[in-house]
Every structure is written in C-alpha cells, then in structure tokens.
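Undergrad: Below is the sequence, then the predicted model.
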There are 2 protein chains.
Amino acid sequence: MIKTVILGNGNVGTHLCQAFEKNDQIALLQNYNRKNEAIANCQVPVTSDTNSIVNAEVYILAFNDAALENLTPFHHLNGLVVHTSGGTDMKVLKNFTNHGVFYPAQSFTKSIPVDFKNVPFAVEANSVLSEKILLHLAGALSKQVYAVNSQQRLALHTAAVFANNFTNFLFTKAQEICQQHQLDFKLLLPLINNSVNKLKHQTPDKLQTGPAIRKDQNTIENHLQLLETDSQKNIYQLLTNEIQNYYGKKL
Amino acid sequence: MIKTVILGNGNVGTHLCQAFEKNDQIALLQNYNRKNEAIANCQVPVTSDTNSIVNAEVYILAFNDAALENLTPFHHLNGLVVHTSGGTDMKVLKNFTNHGVFYPAQSFTKSIPVDFKNVPFAVEANSVLSEKILLHLAGALSKQVYAVNSQQRLALHTAAVFANNFTNFLFTKAQEICQQHQLDFKLLLPLINNSVNKLKHQTPDKLQTGPAIRKDQNTIENHLQLLETDSQKNIYQLLTNEIQNYYGKKL
C-alpha cells in the first residue's frame, strides 16, 4: 500500500480522496484543506494545520494553478510531492527534493461521479524512482497511464483546450444561432453525439464533412449571409479557410 | 399507409429505404437510382429509368446538392416532391406543384445503422396540406419532428456546421498537436466524451472552462509558445479572444 496525503478539497482533490479511500493498493492517510472541511462520501481524517500533516510517501497537491505559486507553508513536507495541474510546470515544486506531476486528463465536476478506470493519467517526475512510484499509483486507479515529459504534458493540455474548451464554445455559438431563429439547441444533440461516437473507430482527420471540405462556395455564402454577428462570421470564415488549407495541401 | 418512392441510393437514400421498408405506416414502392443498384438489406424494387417511376404520394429526392440543380428528367412526377438537403433552398423544386423539404438533421455513414427514432427531422412545404403529410411521414420514423421555414432550416444547417464540422476540425488540430509530441490522440477521448455528455444536463454557455474564460494569460502564452504552426496559433488566438469577448460582455 502506498501511503498518501491529498492536499486540497476542490474537484480534483475530492474525487481523488474518494477513489483513493476505496482502492486496496493505496492508503489515504489524511486530507489537508484550509477550512478543515470533511470530504463528501469519504471518511479520511482532515486537517487545516500544515504542521499536523502526517508522514506519507506521496503528497498530492490538488491545488488550483494560483495556489501552486506559493508553497512555502508546505516546504517541510518530506516525501514525493506532486501537483495535479496539466498546465503548470513541474519546476514550481523544485524546492521539494522529490517532486513530480500526477495529471488526470479529465475535467471534473464535484457532483458527478468519476470512473477513474477510464481517466488517462499523465505522470512526470524528477527521478526515475519517483516516476515509478507515480506510474504505480496511477496504475492502481486507471487503465491508461502514461509517463510524459514537461513538453508533452503541456502539449496534452493544449490539445485538450482545442478538443474540449474550444469545441464547447462552438456548441455555444451553435446554441446562439438556434436561439436567434427560435430553434431548440437540443435538435443538434443527436448530430453531436454521433460525430463524437465515430471517434472510437476513426481518427478525426478522416471524418471531416461539410461545405468547407466540399468547397461548396454556394452553401458557405448562404451560411455567412445568415449569420448575424461578427463573432459568428469571423469564426465561420477562419475555420472554413483552415479546413480548406488543411485538406487542400493534403490532396 | 403513405405511398412513397425514394430517389437516390447514397447514404441518406439507403438509410431511408431501409427504415421505410420496416415501417408499418409507410409503403415504400420503389427506389430510383442511375445505376439500377439494389439497396443493401432492403427488398424494394429498383429502377434506373425515369419513365418507369411508379405513382406515389411522396417522392423523396435523396440527391446530393449538385444533383438537385438539374431535375428536368423528373418533371413528369405527380405528387409531393421533396428533397433531403439541409442547405438547399426549397425553391429548387418550384417546378413541382407540391414540393417541400424532408431534412434529417443527422450525418449518415452507409455502414453504420441509424436509429431514426432519435433523428430530428425538420420539414418544410409550399402548402399546409403538404406540410401535414411530411409531418406525418417524419413522425412515423422519429420522435423529434419540427415544421420549420426556409430561414430556420438554413439556420439549423449553419448551426450544425459549428457543432459538427468545425468541432471535428478542432479534434483534428488536437490530434495534430498530439502527433507532434508523440502522444496518442485517444488520450483525449474520455475528456471529449465527458464534455459532450454534460450537454444532456446543461446548455454549453454554462459549461465553458479553460484558460480563456479564466483569463489565465500565463497558461495562454505557454500554449501559444508550444503550438508549432500558424494554423494552430490562429485558431487558438481567435477562439480565445472570442471566448473572452463573449464572457466579458456577459459579466
């Protein structure tokens, strides 16, 4: 059993506490959080006193990016100290002899249960031994565990912005267009689900459809005329051009 | 039973033939296609001779947009003549006394079965009676049937480009970033599925996350530095700006 302490009780901290407590390869000794709040659906002892944090092999700082900028109150911790942030350099932990990153590539919502078996983990450490410990810890939770370097983790985090944050904003734009024409956005959900389901069988570059790749200029102009805001038009024009450049080069 | 003939044997034509044949409210009398090809998993009689097309109440032209531009060979058809294209004006059928549109808001792949119960249909016609017939026909297949006008159908088609075609291209960009850093794109699938599942419970404008909405300029700069092509940078910069404008105004 790997002895662990989880610091932080946000979305990531809470879900990790719940999963660690149930896992028979992991001993979760304690949670630290500033307000001394109990963790939902979890019996782990809690402290808000940095000097009362117990000894462990791995300390997981499930803090937001801003909180990772001032870690002085934790500098006395002895053991492997890791953060869970996809976008934060491992170097923020350089004052800890053994340090690393334990990044679950998933977005969490406190109230929605997480099936960690299907959450990919990207781990990184400043020594081979620490990397092994993190691979073991992540492997106890998930089927998908990857050792990555800093650049790869940043790439993964950047790719996730395209695949998750930006696509969600395009859904918002689609919703806006529906609203402007008294249409229910739910009309588009079967189409969205369908196109995401296809990613199980085929990579997205092979799945592109629509007027841009068909070079259907007539439809493109009809769409641009229908759009009511500069924001909608700018996004439509840029992505149409980018699709045509991408597939133009490939042909 | 509504007597129907389906013209065309592409993705939409094939799936509609299969669904119509099984449906006890619809009589599928014939399929017309230029090569006189049998329809997979469907016993419907086939013809390639426009003069042999049998009498029916509804003729469904499941043609691609280009083929809808020359319909002279079909001008002798008597009955309600409709096309299935989301992006084509109903007016292309103006030479037929009774005409309309029968648009399934879904993207089809020939080899993947379609559950029409969950495919939204947007119908439009040049008379109230014809609209009723189309609502009835669509209602025999699907739980989600909407009467729309031309402008609404074009809006739905445009919104679908954002929600489907453009998001797929962002997945392609994410895949490209992964490849450039020796990462498996499959790492992102749980994240993608998770964010799409949330749309069942919440509209996308309430689900936005990421560095843009957080105004996390440090992370944004790290991401822009990591990106290797102008295409990636242009998309990142535009969508980041648009997200900040959208949520900036709302605050």
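TA: That came through fine. Residues are numbered from 1 along each chain as shown, chains lettered A, B, ... in the order given.
Undergrad: use CA for all of it now, contacts and neighbours both
TA: Noted.
Undergrad: From residue A:67, how far off is whichever residue of the stretch 1-150 of chain A sits closest to chain B?
TA: Relative to chain B, the nearest point of the stretch 1-150 of chain A is residue A:106 (5.0 Å; Cα to the nearest Cα). Noted for residue A:106: a distance of 20 Å to residue A:67, by Cα to Cα, to the nearest Å.
Undergrad: same deal with residue A:12?
TA: For residue A:12 relative to residue A:67 (Cα to Cα), the value is 14 Å.
Undergrad: ok, these two, which is more surrounded?
TA: Each of residue A:12 and residue A:67 had its neighbours counted (other Cα atoms under 10 Å in any protein chain shown), and the higher figure belongs to residue A:12 (23 against 11).
Undergrad: Without its sequence neighbours, what residue ends up closest to the more buried one?
TA: residue A:62 (6.1 Å; Cα to Cα, 6 or more residues apart in numbering or on different chains).
Undergrad: Tell me what residue A:102 is bridged to.
TA: residue A:123 (DSSP bridges).
Undergrad: returning to that earlier point: look at the residue nearest to residue A:12 and say how many residues are nearby.
TA: Neighbour count of residue A:62, defined by other Cα under 10 Å: 26.
Undergrad: looking at it, it is touching residue A:13, isn't it?
TA: Yes: using Cα atoms under 8 Å, residue A:62 makes contact with residue A:13 at a distance of 5.1 Å.
Undergrad: Find me the pLDDT at the residue nearest to residue A:12, would you?
TA: pLDDT, residue A:62: 97.
Undergrad: list the contacts for the nearest residue to the residue of the stretch 1-150 of chain A closest to chain B once chain neighbours are set aside?
TA: What sits nearest to residue A:106 in space, not counting adjacent residues and going by Cα to Cα, 6+ apart, is residue B:191, at 5.0 Å. Shown in contact with residue B:191 (Cα atoms under 8 Å, 6 or more residues apart in numbering or on different chains): A:105-107, A:160, A:164.
Undergrad: so which helix or strand takes in residue B:191?
TA: helix B:189-197 (DSSP states H and E).
Undergrad: Just give me how far the next helix or strand after that helix sits from the chain centre.
TA: Using DSSP H and E, the helix or strand that follows helix B:189-197 in sequence is helix B:211-214. Put simply, helix B:211-214 sits 31 Å off its chain's centre (Cα atoms, centre = their mean, to the nearest Å).
Undergrad: What average pLDDT does helix B:211-214 get?
TA: Rounded mean pLDDT across helix B:211-214 is 92.
Undergrad: repeat for stretch A:16-25
TA: 97.
Undergrad: how about that stretch: buried residues?
TA: Within stretch A:16-25, the residues scored as buried using 16 or more other Cα atoms under 10 Å in any protein chain shown are A:16-21, A:25.
Undergrad: and if you look at stretch A:66-81?
TA: So stretch A:66-81, judged by 16+ other Cα under 10 Å, has buried residues A:68, A:77-81.
Undergrad: so how far is residue A:203 from residue A:244?
TA: Residue A:244 sits at a distance of 18 Å from residue A:203 (criterion: Cα to Cα).
Undergrad: tell me the helices in the stretch 101-250 of chain A, going along the chain?
TA: A:128-141, A:150-160, A:167-180, A:189-197, A:211-214, A:217-226, A:230-250 (DSSP state H, counting those that start in this stretch).
Undergrad: remind me which residues of the stretch 101-250 of chain A are low pLDDT?
TA: Along the stretch 101-250 of chain A, segments meeting pLDDT under 70 span A:249-250.
Undergrad: let's see 90
TA: Scanning the stretch 101-250 of chain A with the threshold set as pLDDT under 90 gives A:106-114, A:194, A:214, A:216, A:218, A:249-250.
Undergrad: Touching, residue A:231 and residue B:242? I think so.
TA: Yes: applying Cα under 8 Å, one finds residue A:231 in contact with residue B:242, separated by 6.8 Å.
Undergrad: returning to that earlier point: quick check: neighbours shared by residue A:62 and residue A:13?
TA: A:6-7.
Undergrad: how near is the residue lying farthest from the centre of chain A to residue A:65?
TA: Taking Cα atoms, centre = their mean, the residue of chain A most remote from its mean C-alpha position is residue A:218, at 39.1 Å. Distance, residue A:218 to residue A:65, using Cα to Cα: 47 Å.
Undergrad: of all the contacts of residue B:191, which comes closest to residue B:86?
TA: residue A:164 (26.7 Å; Cα to Cα).
Undergrad: quick one: that closest one from chain B, how far?
TA: Relative to chain B, residue A:164 is positioned 6 Å away (Cα to the nearest Cα, to the nearest Å).
Undergrad: Now do the contacts for that residue.
TA: B:191-192, B:195.
Undergrad: and residue A:204, how many neighbours?
TA: Neighbour tally, residue A:204, other Cα under 10 Å: 22.
Undergrad: go on, residue A:165?
TA: That count, for residue A:165 with other Cα under 10 Å as the rule, works out to 24.
Undergrad: isn't it right up against residue B:209?
TA: Yes: when contacts are counted by Cα under 8 Å, residue A:165 is listed as touching residue B:209 (5.9 Å).
Undergrad: related to what we said a few turns ago, the inter-axis angle of the helix holding residue B:191 versus helix A:189-197?
TA: 180 degrees (axes from the mean of the first three to the mean of the last three Cα atoms, to 10 degrees).
Undergrad: Output helix B:189-197 as CSV, nothing but the C-alphas.
TA: What follows is helix B:189-197, C-alpha atoms only, in CSV (Å, rounded to 0.1, in the frame of the first residue of the first chain):
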residue,chain,number,x,y,z
LEU,B,189,-11.4,10.7,-25.8
PRO,B,190,-12.6,10.5,-22.2
LEU,B,191,-12.4,14.2,-21.9
ILE,B,192,-14.3,14.7,-25.2
ASN,B,193,-17.0,12.2,-24.2
ASN,B,194,-17.3,13.7,-20.8
SER,B,195,-17.8,17.2,-22.1
VAL,B,196,-20.4,16.1,-24.7
ASN,B,197,-22.3,14.1,-22.0
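Undergrad: Could I get the buried residue list for it?
TA: Buried-residue list, helix B:189-197, by 16+ other Cα under 10 Å: B:189-193, B:195-196.
Undergrad: between these, which is closest to residue B:143?
TA: Distances from residue B:143 to these, taken by Cα to Cα, are shortest for residue B:196, at 21.3 Å.
Undergrad: residues touching the closest one, list them.
TA: Counting by Cα under 8 Å, 6+ apart, residue B:196 has contacts A:192-193.
Undergrad: Residue A:203 too?
TA: Counting by Cα under 8 Å, 6+ apart, residue A:203 has contacts residue B:172.
Undergrad: swap in residue A:167?
TA: B:163, B:167, B:170.
Undergrad: hmm, try it at 10 Å
TA: A:160-161, A:173, B:162-164, B:166-171, B:192, B:195-196, B:204, B:208, B:239 (Cα atoms under 10 Å, 6 or more residues apart in numbering or on different chains).
Undergrad: And for residue A:209?
TA: Taking Cα under 10 Å, 6+ apart as the test, what residue A:209 contacts is A:243, B:107, B:161, B:164-166, B:168-169.
Undergrad: so residue A:107 touches residue A:15, yeah?
TA: No: the criterion here is Cα atoms under 10 Å, and residue A:107 misses it with residue A:15 at 11.0 Å.
Undergrad: Find residues that contact each of those two.
TA: The contact lists of residue A:107 and residue A:15 share residue A:114, where a contact means Cα under 10 Å, 6+ apart.
Undergrad: Looking at those two, which has the bigger crowd around it?
TA: residue A:15 (24 against 18).
Undergrad: pretty sure that one is touching residue A:39, no?
TA: Yes: with contact defined as Cα under 10 Å, residue A:15 reaches residue A:39; the gap is 9.3 Å.
Undergrad: Sounds good, over and out.
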